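K.L.:
sequence unknown, structure follows:
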Ligand SMILES: *[C@@H]1O[C@H](CO)[C@@H](O)[C@H](O)[C@H]1NC(C)=O
Ligand SMILES: *[C@@H]1O[C@H](CO)[C@@H](O)[C@H](O)[C@H]1NC(C)=O
């Protein structure tokens with residue numbers, strides 16, 4: 001599940017209150033958890049893999065989104081895979097709904113999750129048109145009944161639409177523009193939007209935007225206050241010293257702080273003043289030997305934080321106090337190139353490892369109950385290739 005960690009807490013506490021349902025051999029309890037990602041192919045689809053009681057994944061389903069995927073370009077103007085959308089949170093789960101971006105057709109799809117089987121998805125209506133190009137990240141606020149996206153092509157910015165279980169997804173509002181002078185598809189990773197996410201009480205929407213060191217443009221966090229009237233059209237931009245190419249970020253529970261990754265050096269803890277929206281740096285965590293540290297996840301259950309790198313195949317736990325490294329789990333035995341979007345749930349971390357045409361796409365499962373160790377490397381080459389993006393979990 002994507003950032004609203006308060007949401008996860010909410011569901012966790014609900015679960016804790018629910019009476020224990022016993023299962024019998026004749027009436028096995030259905031699988032309740034699943035991992036989701038988008039294939040992001042020309043015919044875009046959501047892949048759903050069930051999570052077993054032991055944390056392991058098994059074969060799941062693929063459901064078309066009704067839209068098209070896409071990919072950005074890297075500095076040599078070649079497909080930016082396995083970082084196809086140059087973003088975190090290309091897919092988000094909220095309640096019993098999956099929200100998936102269609103970067104190639106500038107729209108957002110909503111799919112409902114069956115109550116009896118979390119891998120059974122149903123597309124709700126048509127994908128909703130987004131007033132921008134190359135939509136690459138989505139955040140949902142259940143509290144405010146909102147789905148917000150960012151686009152990072154030649155028309156870049158943030159747009160939000162009302163969402164309710166009853167009425168589904170409404171019309172996206174006017175774009176809150178970012179003047180990135182990008183193309184469609186964008187050339188990254190510098191100078192693109194990385195992510196949208198809500199703060200803990202869902203009163204502010206953050207958009208995380210990478211700087212462009214080549215032209216001396218700093219990366220920034222744009223904060224948009226959320227009120228009953230919706231999301232403000234005006235964002236306050238602020239840059240935190242020592243950071244530049246701000247990438248996948250997470251709200252640290254109980255604080256106004258964010259864990260942000262930066263492929264320039266590793267990760268950082270920054271604080272966003274709730275009144276002024278000013279960003280200040282609390283800690284910079286340099287990761288030696290890193291190549292592209294771009295994704296982060298914080299376990300809603302344990303509060304522990306992890307970061308991934310698509311060029312170095314390992315999972316790194318970092319401190320939510322100062323971004324210093326706590327432990328490194330080497331995963332090179334899987335043969336994957338590295339990891340992209342990830343989610344920490346309970347004792348496990350699930351991370352997408354997109355393929356490169358030779359190396360098969362997979363979801364890597366790391367057991368972090370003790371010293372981190374590889375639990376499973378689940379190949380998904382039959383359903384996903386080099387462009388797969390995002391990772392969300394239903395718990
Ligand atoms: C750009 O991506 C291609 C794969 O599409 C890769 O071979 C190449 O090394 C990348 N270039 C840079 C500068 O990252
Ligand atoms: C994929 O990565 C592997 C390992 O780095 C490399 O040997 C192979 O040539 C790559 N394949 C493509 C199509 O780039």
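P.N.:
Noted; the coordinates are in hand. The structure presented is a predicted model; accordingly, all values stated were derived computationally and were not measured. Ligands and ions are numbered 1, 2, ... in the order given.
K.L.:
Next, work out how far apart the residue nearest in space to the middle of the chain and ligand 2 are.
P.N.:
For the chain, the residue nearest the mean C-alpha position is residue 89 (2.2 Å; Cα atoms, centre = their mean). Using Cβ to the nearest ligand atom, to the nearest Å, we find residue 89 at a distance of 26 Å from ligand 2. (C-beta placed from N, C-alpha, C; glycine too.)
K.L.:
which ones are touching that residue?
P.N.:
If you count contacts by Cβ atoms under 8 Å, 6 or more residues apart in numbering, residue 89 has them with 2, 3, 137, 138, 139, 195, 196, 197, 248, 341, 390, 392.
K.L.:
Sticking with residue 382, tell me its helix or strand.
P.N.:
Residue 382 belongs to no helix or strand when assigned by DSSP states H and E.
K.L.:
That one: neighbour count?
P.N.:
By other Cβ atoms under 10 Å, 9 other residues sit near residue 382.
K.L.:
ok, it to ligand 2 distance?
P.N.:
In this structure, residue 382 and ligand 2 are 18 Å apart, going by Cβ to the nearest ligand atom.
K.L.:
Quick one: name the residues of the stretch 1-150 of the chain near ligand 1.
P.N.:
74, 75, 76, 78, 79, 81 (Cβ under 6 Å from any ligand atom).
K.L.:
Going by neighbour count, which of those comes out on top?
P.N.:
Neighbour-wise, these (other Cβ under 10 Å) top out at residue 81, 23 neighbours.
K.L.:
isn't there a helix covering residue 144?
P.N.:
No: assessed with DSSP: H, G, I helix; E, B strand; the rest coil, residue 144 is coil; it does not lie in a helix.
K.L.:
show me what contacts it?
P.N.:
Residue 144 is in contact with 202, 226, 230, counting by Cβ under 8 Å, 6+ apart.
K.L.:
can you list these in a markdown table and add neighbour count, secondary structure and distance to residue 268?
P.N.:
Compiled in a markdown table, the contacts of residue 144 are given as follows (neighbours: other Cβ atoms under 10 Å; DSSP: H, G, I helix; E, B strand; the rest coil; distance: Cβ to Cβ, whole Å):
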| residue | neighbour count | secondary structure | distance to residue 268 |
| --- | --- | --- | --- |
| 202 | 20 | coil | 23 |
| 226 | 22 | strand | 25 |
| 230 | 16 | strand | 30 |
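K.L.:
Out of those, flag the one nearest to residue 373.
P.N.:
Of all the contacts of residue 144, residue 202 has the smallest distance to residue 373: 35.2 Å, by Cβ to Cβ.
K.L.:
Spatially nearest residue to residue 148, not counting backbone neighbours?
P.N.:
Computed as Cβ to Cβ, 6 or more residues apart in numbering, the closest residue to residue 148 that is not its neighbour in sequence is residue 160, at 4.1 Å.
K.L.:
and if you look at residue 303?
P.N.:
Residue nearest to residue 303 in three dimensions, not counting chain neighbours: residue 253, with 5.9 Å by Cβ to Cβ, 6+ apart.
K.L.:
check which helix or strand covers that neighbour.
P.N.:
Judged by DSSP H and E, residue 253 forms part of no helix or strand.
K.L.:
And what about the residue in the stretch 1-150 of the chain that ligand 2 sits nearest to, helix, strand or coil?
P.N.:
Relative to ligand 2, the nearest point of the stretch 1-150 of the chain is residue 81 (9.2 Å; Cβ to the nearest ligand atom). Three-state secondary structure (criterion: three-state DSSP) places residue 81 in coil.
K.L.:
Do me a favour and get the backbone dihedrals for the residue in the stretch 151-300 of the chain positioned nearest to ligand 2.
P.N.:
Residue of the stretch 151-300 of the chain nearest ligand 2, by Cβ to the nearest ligand atom: residue 291 (12.1 Å). With angles defined as degrees, to the nearest 10, residue 291 sits at phi -120, psi -50.
K.L.:
sorry, back to before: tell me which element the residue nearest to the centre of the chain falls in.
P.N.:
Using DSSP H and E, no helix or strand contains residue 89.
K.L.:
mind checking how far it is from residue 305?
P.N.:
Distance, residue 89 to residue 305, using Cβ to Cβ, to the nearest Å: 16 Å.
K.L.:
Residue 126 now?
P.N.:
Counting by Cβ to Cβ, the gap from residue 126 to residue 305 is 38 Å.
K.L.:
Tell me which of these two has more neighbours.
P.N.:
residue 305 (23 against 11).
K.L.:
if I read this right, that one contacts residue 316, doesn't it?
P.N.:
No: when contacts are counted by Cβ atoms under 8 Å, residue 305 is not listed as touching residue 316 (9.3 Å).
K.L.:
ranges for the helices of this structure?
P.N.:
Assigned by DSSP state H, the chain shows helices spanning 5-17.
K.L.:
Any stretches of it with poor pLDDT?
P.N.:
Residues of the chain meeting the criterion pLDDT under 70: 1-31.
K.L.:
how about the residues of the chain near ligand 2?
P.N.:
Residues of the chain lying near ligand 2 by Cβ under 6 Å from any ligand atom: 337, 356, 357, 358, 359.
K.L.:
give the contact list for the last one.
P.N.:
Going by Cβ under 8 Å, 6+ apart, residue 359 touches 335, 336, 337.
K.L.:
quick check, nearest of those to ligand 1?
P.N.:
Out of the contacts of residue 359, the member with the shortest distance to ligand 1 (by Cβ to the nearest ligand atom) is residue 337, at 10.8 Å.
K.L.:
out of the residues of the chain next to ligand 2, which is most surrounded?
P.N.:
That'd be residue 337 among the residues of the chain next to ligand 2, by other Cβ under 10 Å, with 20 neighbours.
K.L.:
Residue 75 versus that one, what's the distance?
P.N.:
Going from residue 337 to residue 75 by Cβ to Cβ gives 18 Å.
K.L.:
buried stuff in stretch 97-112?
P.N.:
97-112 (16 or more other Cβ atoms under 10 Å).
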